[in-house]
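**Q** can't give you the sequence, but here's the structure:
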């Protein structure tokens with residue numbers, strides 16, 4: 001299948017279009033409406049397991065909520081875990097649904113699969129709608145998808161990022177007039193590409209290490225995947241023992 005054919009499929013389907021990857025046969029999906037998650041929700045915080053994050057039901061309709069806040073990108077870390085191993089994740093507010101109390105949007109992160117009886121733990125990429133109280137998170141505003149340097153200078157896009165896409169993908173995800181399902185699918189494609197690059201650099205192993213973890217992914221996805229800048233603010237990273 002040609003690159004143009006893959007992009008056409010991504011723009012005309014609600015299914016996830018997965019780039020071909022050798023030796024990886026994962027099934028990717030995005031559920032835009034999911035059930036309410038009460039307290040005691042298992043949530044990976046680096047190597048820590050946090051069970052008190054109160055998240056709420058989130059549906060992602062095709063209706064814009066707040067144009068001014070749409071496509072904002074945030075870097076978040078849990079306040080419930082004060083250690084340097086606190087989990088790091090990205091939230092992309094696709095429809096401007098965040099407010100002063102809550103932050104919501106598309107959560108993109110890599111987690112360690114606690115309980116898998118492996119050491120180091122295996123890893124998973126998760127891309128799903130999500131909402132959480134701002135009081136539970138340290139949040140850093142990164143910027144807007146429209147501020148991606150790739151929109152003005154496609155030459156800066158790393159070759160591996162557009163191996164299965166075209167530069168037009170960045171115009172599509174930044175365009176709030178395109179249905180949110182399509183934009184989310186395209187973001188998932190980019191996240192998948194960055195994730196498997198990290199896996200490749202990690203001796204082709206989906207294992208939680210200093211080379212493959214939540215912070216490494218967040219940084220790589222922001223810079224390589226979205227063309228945004230890593231914040232200057234000092235951020236505590238993961239500790240590896």
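**A** Received the coordinates, thanks. For clarity, every value in this text was computed on a predicted model and none was experimentally measured. Numbering: from 1, shown residues only.
**Q** just give the number of residues close to residue 154.
**A** 15 (other Cβ atoms under 10 Å). C-beta: built from backbone N, CA, C; applies to glycine.
**Q** isn't it right up against residue 169?
**A** No: using Cβ atoms under 8 Å, residue 154 makes no contact with residue 169, being 10.3 Å away.
**Q** where do the strands sit along this protein?
**A** Applying DSSP state E to the chain gives strands spanning 33-34, 43-45, 48-50, 58-59, 72-78, 88-93, 102-112, 123-133, 137-144.
**Q** mean pLDDT added to those strands, as a markdown table?
**A** Shown next, in a markdown table, are the strands of the chain (pLDDT from 0 to 100):
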| stretch | mean pLDDT |
| --- | --- |
| strand 33-34 | 32 |
| strand 43-45 | 37 |
| strand 48-50 | 38 |
| strand 58-59 | 54 |
| strand 72-78 | 93 |
| strand 88-93 | 96 |
| strand 102-112 | 94 |
| strand 123-133 | 93 |
| strand 137-144 | 94 |
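**Q** format these as TSV; extra columns: distance to residue 175.
**A** Formatted as TSV, the strands of the chain follow (distance: least, Cβ to Cβ, whole Å):
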stretch	distance to residue 175
strand 33-34	23
strand 43-45	32
strand 48-50	35
strand 58-59	21
strand 72-78	15
strand 88-93	14
strand 102-112	15
strand 123-133	19
strand 137-144	12
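**Q** so where is this protein shaky, pLDDT-wise?
**A** 1-61, 80-85, 233-241 (pLDDT under 70).
**Q** longest helix in the protein, please.
**A** helix 180-201 (DSSP state H).
**Q** next, the angle from that helix to strand 88-93.
**A** 160 degrees (axes from the mean of the first three to the mean of the last three Cα atoms, to 10 degrees).
**Q** list the helices and strands helix 180-201 packs on?
**A** helix 3-11, strand 102-112, strand 123-133, helix 168-174, helix 214-220 (3 or more Cβ pairs under 8 Å, 6 or more residues apart in numbering; DSSP states H and E).
**Q** so what's residue 110 up against?
**A** 123-126, 195, 198, 212-214, 216-217 (Cβ atoms under 8 Å, 6 or more residues apart in numbering).
**Q** pick out the most distant pair among those residues.
**A** 126 and 216 (15.2 Å; Cβ to Cβ).
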